[in-house]
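Trainee: Predicted model and sequence follow; I will ask about them next.
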Amino acid sequence: MSFQVSKGGNLDIDAWVMDPADIIIKSFARESSGSQHLTADKDGRYTYCFSNQMGSAGEKTISFNAHGQRHVVTNDADHIDPLERVIRDLAEAISDVKDEQEFIVVRERQHRNTAESTNARVKWWSLLQLAMLAGICLFQVFYLRQFFKTKRV
């Protein structure tokens with residue numbers, strides 16, 4: 001399981017993983033991203049929980065991927081065809097690449113949002129500076145005209 005907070009607050013969240021007996025086996029406190037590889041010791045449903053109670057207030061967007069593979073332990077490992085073993089290894093590697101690609105897409109989205117926000121702030125700051133520069137120029141022209149204006153009596 002991997003997760004990443006992509007929007008909201010300080011990009012932090014609390015998360016934990018519980019086994020079928022509702023025992024917390026892994027927890028993350030105020031993390032912006034995390035990954036947990038776990039081997040299931042018990043049969044049943046494992047629960048992934050996310051909480052924003054202790055983090056910064058506000059709505060958050062979380063992207064997560066719960067990926068898993070079934071590994072059946074067999075005592076007759078000698079009977080597995082070498083080609084089948086290679087195929088299983090390749091399938092596992094492809095699954096890992098797919099999971100990593102999904103994580104990269106989420107991270108790219110987060111970085112793009114940050115860059116767009118920064119670009120918007122730079123744009124508004126530049127427009128404010130331009131307006132201030134124009135105002136100061138007009139004031140100086142008016143002031144200098146008044147200064148050099150000759151008074152006739």
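Mentor: Great, that's in hand.
Trainee: what domains does the record give for the chain?
Mentor: What the record gives for the chain is the domain set 1-66, 82-153, from automatic domain parsing.
Trainee: Check what pLDDT residue 85 gets.
Mentor: On the pLDDT scale, residue 85 is placed at 87.
Trainee: Could I get the contacting residues of it?
Mentor: Under the criterion of Cβ atoms under 8 Å, 6 or more residues apart in numbering, residue 85 has no neighbours. Where C-beta positions appear, they are placed from N, C-alpha and C, glycine not excepted.
Trainee: so how far is the helix or strand where residue 143 lies from its chain's centroid?
Mentor: Secondary structure assigned from DSSP states H and E places residue 143 in helix 82-148. If you compare the mean C-alpha spot of helix 82-148 with that of the full chain, they lie 14 Å apart, counting by Cα atoms, centre = their mean, to the nearest Å.
Trainee: follow-up on the earlier one: for the domains of the chain, which one ends up most surrounded?
Mentor: Using mean count of other Cβ atoms under 10 Å, the stretch among the domains of the chain with the greatest mean number of neighbours is domain 1-66 (a mean of 14).
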